[in-house]
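Colleague: sharing a model prediction with you, sequence too.
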Amino acid sequence: MADLKHIYFQTLRIRKIEEAIAAKYSEQKMRCPTHLSIGQELVPVAVSHFLTHADKAYSSHRAHAHYLAKGGDLVKLIAELYGKVSGCTAGRGGSMHLSDLECGFIASTAIVGNSIPLATGNALHQQLTRAEGLTVSYFGDGATEEGAFYESLNFAALKSLPIVYVCENNQYSVYSPLSVRQPTGRSISKLSNEIGLKSFSVDGNNPTQALQTSQAAINYVRHHGKPVLIEYFTYRHREHCGPHFDDDLNYREQEEVQTWLDNDPLNNLEKALDKDPEFKAFQKLAISDINQEIEQAFTAAESASFGSIEDNERFIYD
Amino acid sequence: MADLKHIYFQTLRIRKIEEAIAAKYSEQKMRCPTHLSIGQELVPVAVSHFLTHADKAYSSHRAHAHYLAKGGDLVKLIAELYGKVSGCTAGRGGSMHLSDLECGFIASTAIVGNSIPLATGNALHQQLTRAEGLTVSYFGDGATEEGAFYESLNFAALKSLPIVYVCENNQYSVYSPLSVRQPTGRSISKLSNEIGLKSFSVDGNNPTQALQTSQAAINYVRHHGKPVLIEYFTYRHREHCGPHFDDDLNYREQEEVQTWLDNDPLNNLEKALDKDPEFKAFQKLAISDINQEIEQAFTAAESASFGSIEDNERFIYD
Amino acid sequence: MTDKTTSFAQQILDAQNLAMQEDPTMICMGLGIDDPKAIFGTTQGLQETFGEQRVFDMPTAENAMTGIGIGAAVAGTRVLMTHQRVDFFLLAMDQLVNNAAKWHYMFNGQMTVPLTIRLIVGRGWGQGPTHQQSLQSWFSHIPGLKVVVPSLTENVGQLLYNAIMDNNPTIFLEHRWLHNQIAPNAAACQPLTEAPQHTRVLRTGSDYTIISNSYMLSEALQAQKYLQQHNVHCEVIEIASPTSIDWHIIYQSVSKTKRCIVTDMGHTFCSLASEIANKVYSHCFNALLSPVSIIGLPNYPEPTSYGLTKEYYPDVNTIIKTVSNNCGIEIAQLKSRQHHDVPGEWFKGPF
Amino acid sequence: MTDKTTSFAQQILDAQNLAMQEDPTMICMGLGIDDPKAIFGTTQGLQETFGEQRVFDMPTAENAMTGIGIGAAVAGTRVLMTHQRVDFFLLAMDQLVNNAAKWHYMFNGQMTVPLTIRLIVGRGWGQGPTHQQSLQSWFSHIPGLKVVVPSLTENVGQLLYNAIMDNNPTIFLEHRWLHNQIAPNAAACQPLTEAPQHTRVLRTGSDYTIISNSYMLSEALQAQKYLQQHNVHCEVIEIASPTSIDWHIIYQSVSKTKRCIVTDMGHTFCSLASEIANKVYSHCFNALLSPVSIIGLPNYPEPTSYGLTKEYYPDVNTIIKTVSNNCGIEIAQLKSRQHHDVPGEWFKGPF
Ligand SMILES: Cc1ncc(C[n+]2csc(CCOP(=O)(O)OP(=O)(O)O)c2C)c(N)n1
Ligand SMILES: Cc1ncc(C[n+]2csc(CCOP(=O)(O)OP(=O)(O)O)c2C)c(N)n1
Ligand SMILES: [Mg+2]
Ligand SMILES: [Mg+2]
């Protein structure tokens, strides 16, 4: 159960951070497109739990949780959203282009599907250099419609690359449901299997299942040196881009929203931990620790300065 | 058996035409990259046998057989290879860009995989206008590695488009065997099935099987208004581009080459028809008819003129 | 309708509505075309009016979807596709350049490609390196494509309607910051169905020619007005279609004014602005008093940060400064807007 | 080795061999890289020497493979990709422009992209509309990319070696017709490991500046020689890298000669040639005696037919005509080659 408390802490931390971003976003100081992962936090926590420092990650537009779960620096994340020089790319990339090389979070990119080949290339490098780690590639259900997804998986299977493709299937691409994008009956995991990868599919909001599957998949890559794909079913609670809830727009069935609210990963973790007599105390401490960390990060970000415009010409070329 | 004689005639005709092109290519008057389909002729014959005038076709760089089987004009084809104004695009497109709208052969294009979306768009048009026909999209095994293939099939399945994807799996892309391009165990038909299409796979050099499968697949599209993919296993006898045999280069196993020579579609047809007492006479007549037609086409092409350079500015815009 | 204000977005919508009515074969597709945001309001209600068969959302698969649009267009369906950013469309260059642009030509005029592709140029609120590119120079470089770059509410509808009804593949580059631009009413706009004038002298003047399009034209018009007060009279020329420029109008203007500025929304190296400058030099060789000035983006990607983008985009003051430097007179800069990264106070992010 | 002739293709191969030796992390990939034709002989034996892990064929999937190259390069593997035609690479514009070009910049210098992409420009024997495009202008328009366009056997190896060893993403645009160009021996070539000069005055002259690269430079050198006999002395400048032009050399030359021709292997609208002309005009404004001449492809796709391509490509005679028109002297045209669509008699098609 120790593990689960750790998982809970990580998940809670990301949730609190994302909620703090949401709360402060309307102050109009974080001036960049921002995609929150509230509701989907468990997936990267469950994945990262089985990763080491040697493992690397790539992600998409919705990257905060992936960045944080991999060990990304919170202070640098918040400063990045504020566009400050202390941000993880000194304000150049913003929310959609995060990077923290120290923890192995290579980068997130903003074009749907376009970091999947990059992650695959990273795994190729690992294979060629006989490096210890593997690569994780995060993306959504929408990204699997891009040819880049398909071409990358084909290559990974061809070359037996050490990579874990993590598809967070939250069933929407912006406001568009799967039904207008993929044929009925599509299974992303079965499809991947036919491309040539071992694949898994699991409720990404269910702690035990998500953890077990992540572990099994990652172990498979480590032991067989072959790629896997894991399809995690999950749901985002808020709007696609921005801080608000948007269920007043009715693009998602009320009932569907409710089902997934009931299956919220944090709730699920709390329920699972409820029997633990020490949990309440642990939770209280966790909340206060996290809140303090968040406050510090925001204070640091707000008080940091913008980079100098004079430096804008730097790094066009190496 | 009447059918099979007809099939034989069509196949033989294409073979003879391609061989005539090969024989004359070294005269250096057909000055464009030319991909012959010698060895693969049965596939388009078997497909076209079940097509009507309302059905349309798109193809790739290796298009002669597709064009001819669909009813394309031989005189215009040969003139096109010679770059003459009487060619099917007046010499603008050459061997890799054929078109004969009268018979519903819309076009072939020279970028691998790039006519697959076009064919899919044609099927979309047919669906939207409730047109009678369906669309055939021809391509090779190499083309299935392109994202365009995957994205197109996804859309066709999503929208239930009336299209037959025809993959001629000749196991090579130029000199590259499947093993350096696709993972072991890949089945293009199973993969397509997982994308959401009904799919078939068959020996494309076996007359009865190729015909039966083509018929079943095309009927399925007509009756269900849903897309299918047929993977035909076949083999090209000559070099990828150009008129020669190139097995002296040893990029294909001698044994493999021999197996497929033994499984040559024309041989197979002759064997199947051998019992027919009228076959020998039919064959003799066919050969002489075809030879005559070919001679006329080449004579016409050679004596035709080039288009005028003055017209080069025409048709940049409509 | 004639007495209510109309907007750039509304005119775009009107043009689509009319085209869909006029040509019952026509279809519209694009990511989120029927979603609650309706592509910045520009596709509002289209699906309700014309049905799900003719107006539809699509998979995130820009390359094949473009090819599908081309294939349908070649078959006889008039097609309009919309992408919310130019940047996303980089995935579709093979279909655009190898098929759409060349089809009519390479098949000897036997087929046409009645396809229009609306691409939205992003800017502001931290759009950053991959959500703000403006590639009119790329598209204009390719023979066979038509490129249209609207700038004003008064003719955007006409430009779009005509682009759609044209049987050639057309790239329609819409700047995000123009969508809320207002015109007094629909009657103040050019009639949708009339053929547009692609090169227009919007302001006449004797001292300077400013050639501009897209959002920069708004800045140019502002500069013209202000400079007038300082007795510098600028002629402002709109180039609504880089591929159908009426060069005579430009040469005539520069022959008169003898000085010229060309603006570009993109990077300037190998750009449309350089091309125009080159042509102006070559045809007004003896008339020009000083080198043509080119105003465009600096030669690096847009950083995301509010703090780093302050001087990334040229604006009315860049034009004023260029003119005053060139004419050797001092003219004070205009006061800047409160926030450089939003088109107006109404904009609260995030997309 | 020093006493045997060497070729453009051989120099390319030598550069790869040396780079692979120098940097044991380096890999080479491309369709058909290890096949019997070895990409026009330019990759012959690489796989035998460096093994299948470091030199490998790949799936026909240009977009993802480019991204994979970028990802590997970012991780620390030096990558060289080769595509047999520029046209095929249109599939990979998203990866090139949105990732490779911007990576170093948008992540604030934390990572580099040591990736070089060899793209071969096709020509002749009916390459036609989709096998002969030459997009130096597109690539040069994008900040963050380096573009190298070799023209001569004597420095192609040096240019490639340095491009590979450079940690920035570089497009290396090789013209198919140059592969068989001969140099007397390897010693006559620039040392591979020395830093190349990207802008070189190859011939000095007082009457005309000809700025050129790629296959057109061969034609320009021929023209220079011939015009010399007619007492017109051309200065020929090679621009081996459009993104690293030493403008000073160009301005100095034009200030002296007062007349200028720029050649381009591609279409000229929004082109590198126009950019160079524009810069020349702007910096040699008072020196120029007549407008700059731009020589490039006509504004339509290449037809395939032998009969239709006769005048599609400009050549030595186009330069001669331009010069003689401009100087107002009559100079006879040179005799044309027997077949305009092949680089030499040795070429028998079909690719
Ligand atoms: C190539 C491309 N097309 C469209 C977009 C606009 N866009 C940004 S995020 C997004 C949704 C992607 O959905 P999914 O992959 O499921 O990720 P999710 O947002 O659900 O996490 C879209 C369409 C883009 N950034 N890139
Ligand atoms: C995008 C692209 N990449 C590479 C090529 C070069 N090329 C021409 S044909 C061909 C082989 C394609 O193989 P396949 O699809 O199996 O067709 P086959 O030639 O076997 O009939 C290749 C790689 C091309 N034309 N387009
Ligand atoms: Mg999603
Ligand atoms: Mg093949």
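Modeller: Nice, I can see it. Everything quoted here is computed from the prediction, not taken from an experiment. Ligands and ions are numbered 1, 2, ... in the order given.

Colleague: spit out the contact partners of the one residue sitting closest to the centre of chain C.
Modeller: For chain C, the residue nearest the mean C-alpha position is residue C:149 (2.5 Å; C-alpha atoms, centre = their mean). With contact set as C-beta atoms under 8 Å, 6 or more residues apart in numbering or on different chains, residue C:149 has these partners: C:136, C:173, C:213-214, C:239-242, C:265. For the C-beta atoms, the positions are set from N, CA and C on the backbone; glycine is no exception.

Colleague: and residue 82, its phi and psi?
Modeller: Since you didn't name a chain, this refers to chain A. The phi/psi pair for residue A:82 (degrees, to the nearest 10) reads phi -80, psi 0.

Colleague: oops, chain C please
Modeller: Main-chain dihedrals, residue C:82, degrees, to the nearest 10: phi -130, psi 130.

Colleague: so whatever residue of the stretch 1-150 of chain C ends up closest to ligand 1: helix, strand or coil?
Modeller: Proximity of the stretch 1-150 of chain C to ligand 1 (C-beta to the nearest ligand atom) peaks at residue C:88, 3.8 Å away. Look at residue C:88: counting by DSSP: H, G, I helix; E, B strand; the rest coil, its state is helix.

Colleague: report the contact partners of it.
Modeller: A:111-112, C:62.

Colleague: what about 7 Å?
Modeller: Residues in contact with residue C:88, defined by C-beta atoms under 7 Å, 6 or more residues apart in numbering or on different chains, are A:111, C:62.

Colleague: show me where the stretch 51-200 of chain C has strands.
Modeller: Assigned by DSSP state E, counting those that start in this stretch, the stretch 51-200 of chain C shows strands spanning C:55-56, C:79-83, C:115-121, C:146-148, C:170-175, C:182-183, C:199-203.

Colleague: equivalent analysis for chain A, please.
Modeller: Assigned by DSSP state E, chain A shows strands spanning A:56-59, A:105-108, A:135-140, A:163-169, A:172-173, A:176-177, A:198-203, A:228-233.

Colleague: tell me the strands beside the lowest-mean-pLDDT helix or strand in chain C, with direction?
Modeller: Least confident helix or strand, chain C: strand C:182-183 with a mean of 92, by mean pLDDT, DSSP states H and E. Here strand C:182-183 is paired, per DSSP bridges, with strand C:6-7 (antiparallel).

Colleague: so the helix or strand just after the partner strand, near chain B or not?
Modeller: Using DSSP states H and E, the helix or strand that follows strand C:6-7 in sequence is helix C:8-22. No - for helix C:8-22 and chain B, the contact criterion (C-beta under 7 Å from any C-beta of the partner chain) is not met; the two come no nearer than 13.0 Å.

Colleague: can you point out the buried residues in the next helix or strand after helix C:8-22?
Modeller: For helix C:8-22, the succeeding helix or strand toward the C-terminus, using DSSP H and E, is strand C:27-30. Neighbour-count burial for strand C:27-30, with 16 or more other C-beta atoms under 10 Å in any protein chain shown as criterion, is recorded at C:27-30.

Colleague: could you do stretch A:96-103 as well?
Modeller: Across stretch A:96-103, burial judged by 16+ other C-beta under 10 Å covers A:96-100, A:103.

Colleague: end-to-end on that stretch?
Modeller: 18 Å (C-alpha to C-alpha, to the nearest Å).

Colleague: and what of stretch C:284-292?
Modeller: 11 Å.

Colleague: and the closest residue to ligand 3 within chain C, how far from ligand 4?
Modeller: Nearest residue of chain C to ligand 3 (C-beta to the ion) works out as residue C:60 at 9.5 Å. Going from residue C:60 to ligand 4 by C-beta to the ion, to the nearest Å gives 29 Å.

Colleague: what's the answer for residue C:212, then?
Modeller: Distance from residue C:212 to ligand 4, by C-beta to the ion: 51 Å.

Colleague: swap in residue A:58?
Modeller: Distance, residue A:58 to ligand 4, using C-beta to the ion: 32 Å.

Colleague: likewise for residue C:322?
Modeller: Taking C-beta to the ion, one finds residue C:322 at 57 Å from ligand 4.

Colleague: residues near the closest residue to that residue other than its chain neighbours, how many?
Modeller: Nearest residue to residue C:322, sequence neighbours excluded (C-beta to C-beta, 6 or more residues apart in numbering or on different chains): residue C:293, at 4.9 Å. Number of residues near residue C:293 (other C-beta atoms under 10 Å in any protein chain shown) recorded here: 21.

Colleague: give me every residue in chain C lying close to chain B.
Modeller: By C-beta under 7 Å from any C-beta, the residues of chain C that approach chain B are C:27, C:53, C:59, C:61, C:63-64, C:67-72, C:74-77, C:94-95, C:98-99, C:104-110, C:112, C:143-144, C:167-168.

Colleague: just the buried ones from these?
Modeller: Using 16+ other C-beta under 10 Å as the threshold, C:27, C:59, C:61, C:63-64, C:67-72, C:74-75, C:77, C:94-95, C:98-99, C:104-110, C:112, C:143-144, C:168 are the buried ones among the residues of chain C next to chain B.

Colleague: tell me the mean pLDDT for stretch C:68-87?
Modeller: Across stretch C:68-87, pLDDT averages out at 98.

Colleague: residue A:236 against residue A:39, yeah?
Modeller: Yes - under the criterion of C-beta atoms under 7 Å, residue A:236 makes contact with residue A:39 at 4.9 Å.

Colleague: tell me which of those two has more neighbours.
Modeller: residue A:39 (23 against 20).

Colleague: got the contact list for that one?
Modeller: The contact partners of residue A:39, by C-beta under 7 Å, 6+ apart, come to A:234-237, A:260, A:264.

Colleague: now with 6 Å, please.
Modeller: Listed by C-beta atoms under 6 Å, 6 or more residues apart in numbering or on different chains, the contact set of residue A:39 reads A:235-237.

Colleague: how near is the residue nearest the centre of chain A to residue C:170?
Modeller: Compute the mean C-alpha point of chain A, and by C-alpha atoms, centre = their mean the closest residue is residue A:66, 3.1 Å away. Noted for residue A:66: a distance of 39 Å to residue C:170, by C-beta to C-beta, to the nearest Å.

Colleague: try residue C:211
Modeller: According to C-beta to C-beta, residue C:211 stands 21 Å off from residue C:170.

Colleague: try residue C:96
Modeller: Distance of residue C:96 to residue C:170, computed by C-beta to C-beta: 11 Å.

Colleague: and for residue C:71?
Modeller: From residue C:71 to residue C:170 the distance is 17 Å (C-beta to C-beta).

Colleague: ditto for residue A:146
Modeller: From residue A:146 over to residue C:170 the distance is 25 Å, taken as C-beta to C-beta.

Colleague: these two: which is more packed in?
Modeller: residue A:146 (31 against 26).

Colleague: what separates the nearest residue to residue A:22 once chain neighbours are set aside from residue A:168, distance-wise?
Modeller: Once flanking residues are discounted, residue A:22 sits nearest to residue A:243: 3.8 Å by C-beta to C-beta, 6+ apart. According to C-beta to C-beta, residue A:243 stands 19 Å off from residue A:168.

Colleague: then residue A:149?
Modeller: Residue A:149 is 13 Å from residue A:168, by C-beta to C-beta.

Colleague: the two: which is more packed in?
Modeller: Legend: neighbour count by other C-beta under 10 Å for residue A:149 and residue A:168, higher for residue A:149 (32 against 27).

Colleague: rewinding a little: bridging residues for the residue nearest to residue C:322?
Modeller: Judged by DSSP bridges, the bridge partners of residue C:293 are residue C:261.

Colleague: tell me how far stretch A:279-290 lies from the chain's centre.
Modeller: Distance of stretch A:279-290 from the chain centroid (C-alpha atoms, centre = their mean, to the nearest Å) equals 23 Å.
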